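Asks: A structural model of the following input is requested.
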Amino acid sequence: MALCTAARGVALGASRSAARFARPQAVPALRAMPGVAGRMPFQVASRSYITVQKYTRDEVLQQLDEYHATVMSANWADYLYLVYNVPFWEAEMEKLTSVVQPYLHEPAVGAKFSEVQEMMDVLYQCEDVRDHVNELAELATRSSGFMGTGFAAEEKVENIQDHAQLASEAYSKMLEKHPDFKPKIEQTVGHGLAVLRQKHKFKFASMHRYFF
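Replies: Predicted coordinates for the structure are as follows:
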């Protein structure tokens with residue numbers, strides 16, 4: 001009886017070992033996750049956008065026009081709107097960069113794609129400067145205390161004039177370098193500088209456009 005039990009134990013152990021070596025081993029990091037090791041691949045990595053779908057020239061131009069209209073019609077001064085939508089715009093831009101490649105040599109497609117690229121460059125510049133200006137305005141408000149009474153006031157930005165000067169210089173450079181996007185630059189950086197000028201008096205190119 002004891003010999004039979006021992007024989008069964010040896011046979012069972014041998015079958016388990018054979019099954020263990022026969023099936024592929026799970027990734028060590030995934031062994032602690034029940035139900036995941038059997039479904040996940042051995043290596044998990046991200047990759048850029050790849051497609052085998054082909055678009056005609058007219059379809060590519062239509063996509064570029066729609067993308068340009070969507071981004072240009074957005075309110076670039078609304079930071080929350082940008083937080084929600086810029087990641088989707090960036091993903092769509094990556095797709096457009098791929099599908100436009102066969103037609104870049106054509107003047108119409110190449111010019112439109114260059115315009116879209118410049119638009120995104122201007123968007124990022126405007127977003128960066130406006131965010132910094134918003135932070136300066138917020139710190140200036142906090143330095144005045146509770147409802148401007150001086151109660152619980154925080155420290156002032158001692159070199160706020162330097163920040164304002166740099167922001168106004170960036171504003172002037174963007175207007176000079178990207179004249180076709182003047183409305184969007186005014187909507188973001190120009191209006192932001194006007195708001196900051198209510199907190200701290202300084203001069204910039206279009207300060208009288210906002211009547212203060």
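
Asks: from here on, contacts and neighbour counts on C-alpha atoms
Replies: Will do.

Asks: which residues touch residue 109?
Replies: Going by Cα atoms under 8 Å, 6 or more residues apart in numbering, residue 109 touches 60, 61, 100, 103.

Asks: And the furthest pair within these?
Replies: By the measure Cα to Cα, 61 and 103 form the most distant pair in the contacts of residue 109, at 9.6 Å.

Asks: The two: who's more crowded?
Replies: Shown here are residue 61 and residue 103; by other Cα atoms under 10 Å, residue 61 has more neighbours (19 against 16).

Asks: show me what contacts that one?
Replies: By Cα under 8 Å, 6+ apart, residue 61 lies in contact with 109, 112.

Asks: Just checking, which helix or strand succeeds the helix or strand containing it along the chain?
Replies: Applying DSSP states H and E as the criterion places residue 61 in helix 57-72. Going down the chain from helix 57-72, the next helix or strand is helix 79-99, by DSSP H and E.

Asks: Could you tell me the angle between that next one and helix 57-72?
Replies: Angle, helix 79-99 to helix 57-72, by axes from the mean of the first three to the mean of the last three Cα atoms, to 10 degrees: 160 degrees.

Asks: and the next helix or strand after helix 79-99, average pLDDT?
Replies: The helix or strand immediately downstream of helix 79-99 is helix 107-143, counting by DSSP H and E. Mean pLDDT, helix 107-143: 94.

Asks: Would you indicate which residues of whichever helix or strand comes after helix 107-143 are buried?
Replies: Sequence-wise, the next helix or strand downstream of helix 107-143 (DSSP H and E) is helix 160-177. For helix 160-177, the neighbour count (16 or more other Cα atoms under 10 Å) marks 160, 164, 167, 168, 170, 171, 172, 174, 175 as buried.

Asks: and if you look at stretch 67-82?
Replies: Within stretch 67-82, judged by 16+ other Cα under 10 Å, the buried ones are 67, 68, 71, 72, 76, 77, 82.

Asks: how about the CA coordinates for it, as PDB?
Replies: C-alpha atoms of stretch 67-82 as PDB (Å, rounded to 0.1, in the frame of the first residue of the first chain):
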ATOM      1  CA  TYR A  67      -7.900  69.800 -38.300                       C
ATOM      2  CA  HIS A  68      -6.800  73.400 -39.000                       C
ATOM      3  CA  ALA A  69     -10.400  74.700 -38.600                       C
ATOM      4  CA  THR A  70     -10.900  72.800 -35.300                       C
ATOM      5  CA  VAL A  71      -7.800  74.100 -33.600                       C
ATOM      6  CA  MET A  72      -8.000  77.600 -35.000                       C
ATOM      7  CA  SER A  73     -11.700  78.000 -33.900                       C
ATOM      8  CA  ALA A  74     -10.900  76.900 -30.300                       C
ATOM      9  CA  ASN A  75     -10.500  79.300 -27.500                       C
ATOM     10  CA  TRP A  76      -6.700  79.200 -26.800                       C
ATOM     11  CA  ALA A  77      -7.100  81.400 -23.800                       C
ATOM     12  CA  ASP A  78      -9.300  78.800 -22.000                       C
ATOM     13  CA  TYR A  79      -6.600  76.700 -20.300                       C
ATOM     14  CA  LEU A  80      -9.100  74.000 -19.100                       C
ATOM     15  CA  TYR A  81     -10.300  73.500 -22.700                       C
ATOM     16  CA  LEU A  82      -6.800  73.100 -23.800                       C
END
